[in-house]
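**Q** Kindly return the folded structure for what I paste below:
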Amino acid sequence: MHMRMSRVIAAAFVAGAFLLPARASAQGFKVIANNDVATAELPAAAVSNLFLKKDRKYPGGGEATPLDLPASSPVRESFSKAVHGRSTSAVVTYWQQQVFSGKDTPPPSKATDDAVVAFVKSTPGAIGYVSDGASVDGVKVVKIK
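**A** Down below sits the predicted model:
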């Protein structure tokens, strides 16, 4: 029995080792920012803090204006899992608690990639995310570390 359990644990570990790089490379979204944003690279934790409004400014300075896709968006689900480490429904619950306690309101959302790009392009300090295949002309793609 002990040997069998060891094999199961080893198999799970090996499978997990192969899944982690795939998740990082095939996340299904790109983070974009207005061209006036000074940084081109941010840690996932910093991005999460901006979207959860735990931080209001970029690490290098400057006000951040986050923008989400709708909660029903598969791209938002990918973003939530990769950046926040939780599902979209868990993030929605977080925002319900913030609103109920009078602390804050969630970022606005736009229905499409094109709408997100247009908002980010025209709003100083804006940050959002779009699907991997979206056209991002006129905005900066921010690399997630």
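
**Q** how close does the residue nearest to residue 110 when sequence neighbours are not counted get to residue 80?
**A** Distances taken as C-beta to C-beta, 6 or more residues apart in numbering place residue 116 nearest to residue 110, at 4.8 Å, with adjacent residues excluded. (C-beta placed from N, C-alpha, C; glycine too.) For residue 116, the distance to residue 80 equals 15 Å [C-beta to C-beta, to the nearest Å].

**Q** before we move on, what about residue 104?
**A** Residue 104 is 17 Å from residue 80, by C-beta to C-beta.

**Q** Of the two, give the one with the bigger neighbour count.
**A** Between residue 104 and residue 80, counted using other C-beta atoms under 10 Å, the more crowded position is residue 80 (24 against 13).

**Q** coming back round to it: tell me, how many residues neighbour the residue nearest to residue 110?
**A** 25.

**Q** Same check on the one 5 residues further on?
**A** Around residue 121 sit 18 other residues, with neighbours defined as other C-beta under 10 Å.

**Q** where do the strands sit along this protein?
**A** Along the chain, the stretches classed as strands by DSSP state E are 29-33, 41-42, 65-66, 126-131, 140-144.

**Q** Centre of the chain to the second one, how far?
**A** For strand 41-42, the distance from its own C-alpha centre to the chain's C-alpha centre is 12 Å (C-alpha atoms, centre = their mean, to the nearest Å).

**Q** Tell me which strands it pairs with, and in which orientation.
**A** The pairing partners recorded for strand 41-42 under DSSP bridges are strand 140-144 (parallel).

**Q** Not counting its own residues, what contacts the strand it pairs with?
**A** Surrounding strand 140-144, the residues in contact under the criterion C-beta atoms under 8 Å, 6 or more residues apart in numbering are 27, 30-35, 37, 39-44, 47, 82-83, 127.

**Q** Tell me the buried residues within those residues.
**A** 27, 30-34, 37, 39, 42, 47, 82-83, 127 (16 or more other C-beta atoms under 10 Å).

**Q** which one among those residues gets closest to residue 56?
**A** Comparing the buried ones among the contacts of strand 140-144 against residue 56 with C-beta to C-beta places residue 127 closest, at 11.7 Å.
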